[in-house]
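>>> Provided below for reference: sequence and predicted model.
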Amino acid sequence: MKKIISTILFLILFVHIFSFYDMYDYLFMKPGTHFEYNANHLGEMGFEIYTVYKYPLMDSNKLLESVWSQPRSLIGGQMAVESSYYTHAISSSQAMGLLQLKNTTATDVYVYNLFDPYDNLKGALEYHGYLRRLFNDEKLQLVAYHDGPTAVMAGVISPGGEAYYQKVKKAQESYKNTKIYSPYFLKGGIYFDKNRVLTTDLAGGIAYRKLELYGDVSLGINTNQLIDSNTNFLDFGFDYSLLYAPRTYFAFGFSGDPLPSNLIFRIGFPWQNFILTVFDNPQIIYKHQLTKNFATRISLSTDKLLLSGYYTISNLDLFVGYEIFDKSINVGFRIR
């Protein structure tokens with residue numbers, strides 16, 4: 001703990017700090033509260049705190065109405081084991097959604113968006129149907145869902161596969177109607193820039209099946225004009241974004257303030273994607289999570305080119321980057 005505190009104090013006092021994350025990342029983070037501190041050598045600084053919550057999207061029995069080829073209690077129990085009924089669950093092996101399908105499996109069974117509960121369930125049922133036809137045995141079917149059909153066809157049931165089968169059957173016995181959950185987030189921030197403008201910021205976002213809605217309200221106070229008794233010292237801002245994701249790996253939409261002024265495209269998955277903004281505020285962001293603990297990010301706009309990466313130590317994310325135009329070294333951190 002002393003080492004973590006010392007590291008944080010070093011970052012606050014001596015280096016240029018920036019945020020590695022942007023608004024379009026939050027809905028795909030694990031639920032919980034995150035704190036960020038930002039500052040630089042120009043005297044600018046900012047504090048951010050944001051929390052990812054779950055909200056009840058629908059009853060699980062409502063979702064399971066489309067299940068006919070398998071016992072509904074079995075699929076409901078398996079859903080509890082795989083994702084705890086959370087539409088945006090992402091495993092360390094990059095399986096996604098309610099029954100934790102990987103993209104390769106989703107492609108084979110023609111799933112459009114793994115974060116849409118109906119699409120995800122359809123894909124899981126297609127996969128279950130394939131496994132049932134292959135093995136004609138419920139236990140082997142469930143073990144193959146966990147271990148993969150190749151291992152089971154070779155006559156191998158791993159200890160993990162056996163434990164998974166027992167866990168799913170136990171969850172099936174105790175299954176009852178519950179809620180399916182999806183994410184939303186709330187964020188608050190306070191910033192002070194080099195022009196002595198103090199800005200407070202409130203933002204939020206919510207996911208509903210294939211839709212994502214984001215909003216941001218800010219109030220800026222120009223302390224120089226306030227001291228000079230200038231009545232124009234307040235600046236109010238509002239902007240929003242709406243994205244539609246027909247595929248797991250592709251979303252498009254627009255942002256405005258309030259009239260639409262930018263087109264937005266997101267190409268890729270939460271751990272590796274491009275975010276392209278065009279028209280009023282053109283920007284390209286590329287992020288790639290290379291390992292569980294390390295990721296890289298490139299951000300390019302009309303006046304900035306930032307190359308950065310982060311490394312995770314327990315609940316602390318450390319960022320480091322280099323801004324090409326300013327020729328500055330940037331460092332930051334997040335506590336979660």
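Yes, it's here.

>>> What segments of the stretch 51-200 of the chain are strands?
All strands of the stretch 51-200 of the chain, identified by DSSP state E, counting those that start in this stretch, fall at 179-192, 197-208.

>>> quick one, the longest one and strand 197-208 angle?
Right, strand 179-192. Calculated by axes from the mean of the first three to the mean of the last three Cα atoms, to 10 degrees, strand 179-192 forms an angle of 170 degrees with strand 197-208.

>>> ok now strand 179-192, how far from the chain's centre?
11 Å (Cα atoms, centre = their mean, to the nearest Å).

>>> The last one too?
Counting by Cα atoms, centre = their mean, strand 197-208 is centred 16 Å from the centre of its parent chain.

>>> Give me the contact list for that strand.
Strand 197-208 has contacts (Cβ atoms under 8 Å, 6 or more residues apart in numbering) with 23, 26-27, 50, 55, 57, 87-88, 115, 182-193, 212-223, 235. Bear in mind the C-beta positions are built from the backbone N, C-alpha and C, glycine included.

>>> Mind giving me the ChimeraX command for buried ones among those?
Buried residues within the contacts of strand 197-208, by 16 or more other Cβ atoms under 10 Å, are selected in ChimeraX with:
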select :23,26,27,50,57,87,88,115,182,183,184,185,186,187,189,191,192,193,212,214,216,218,220,222
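
>>> any idea how far Thr200 is from the nearest residue to Tyr184 once chain neighbours are set aside?
The shortest distance from Tyr184 to any non-neighbouring residue, by Cβ to Cβ, 6 or more residues apart in numbering, is to Ile206 (3.9 Å). Applying Cβ to Cβ, to the nearest Å, the value for Ile206 to Thr200 is 21 Å.

>>> So for Gly309, which of the strands of the stretch 51-200 of the chain sits nearest?
strand 179-192 (23.1 Å; Cβ to Cβ).

>>> other SSEs contacting that closest one?
Packing partners of strand 179-192 (3 or more Cβ pairs under 8 Å, 6 or more residues apart in numbering; DSSP states H and E): strand 45-59, helix 60-63, strand 197-208.

>>> Touching the longest one from outside, list them.
The contact list for strand 45-59, computed with Cβ under 8 Å, 6+ apart, reads 19, 26-27, 29-39, 86-87, 117, 177-192, 203, 206, 208.

>>> quick one, what contacts Tyr244?
Contacts of Tyr244 by Cβ under 8 Å, 6+ apart are Lys210, Leu211, Glu212, Ala251, Phe252, Gly253.

>>> In three-state terms, label the fifth one for me.
With DSSP: H, G, I helix; E, B strand; the rest coil as the basis, Phe252 sits in strand.

>>> Which residues are in contact with it?
By Cβ under 8 Å, 6+ apart, the neighbours of Phe252 are Leu243, Tyr244, Leu263, Ile264, Phe265, Arg266.

>>> Show the buried residues in those residues.
Using 16+ other Cβ under 10 Å, the buried members of these are Leu243, Ile264, Phe265, Arg266.

>>> May I ask which two of those are separated the most?
Longest span within the buried ones among the contacts of Phe252, Cβ to Cβ: Leu243 and Phe265, 9.1 Å.

>>> And the helices in this structure?
Ranges of helices within the chain are 2-14, 60-63, 72-83, 103-108, 117-135, 138-147, 149-153, 159-174, 223-227, based on DSSP state H.

>>> Can you redo those as JSON lines, where the extra columns are distance to Asn315 and mean pLDDT?
Below are the helices of the chain laid out as JSON lines (distance: least, Cβ to Cβ, whole Å; pLDDT from 0 to 100):
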{"stretch": "helix 2-14", "distance to Asn315": "9", "mean pLDDT": "41"}
{"stretch": "helix 60-63", "distance to Asn315": "31", "mean pLDDT": "96"}
{"stretch": "helix 72-83", "distance to Asn315": "22", "mean pLDDT": "96"}
{"stretch": "helix 103-108", "distance to Asn315": "28", "mean pLDDT": "89"}
{"stretch": "helix 117-135", "distance to Asn315": "29", "mean pLDDT": "94"}
{"stretch": "helix 138-147", "distance to Asn315": "29", "mean pLDDT": "95"}
{"stretch": "helix 149-153", "distance to Asn315": "35", "mean pLDDT": "91"}
{"stretch": "helix 159-174", "distance to Asn315": "27", "mean pLDDT": "95"}
{"stretch": "helix 223-227", "distance to Asn315": "35", "mean pLDDT": "64"}
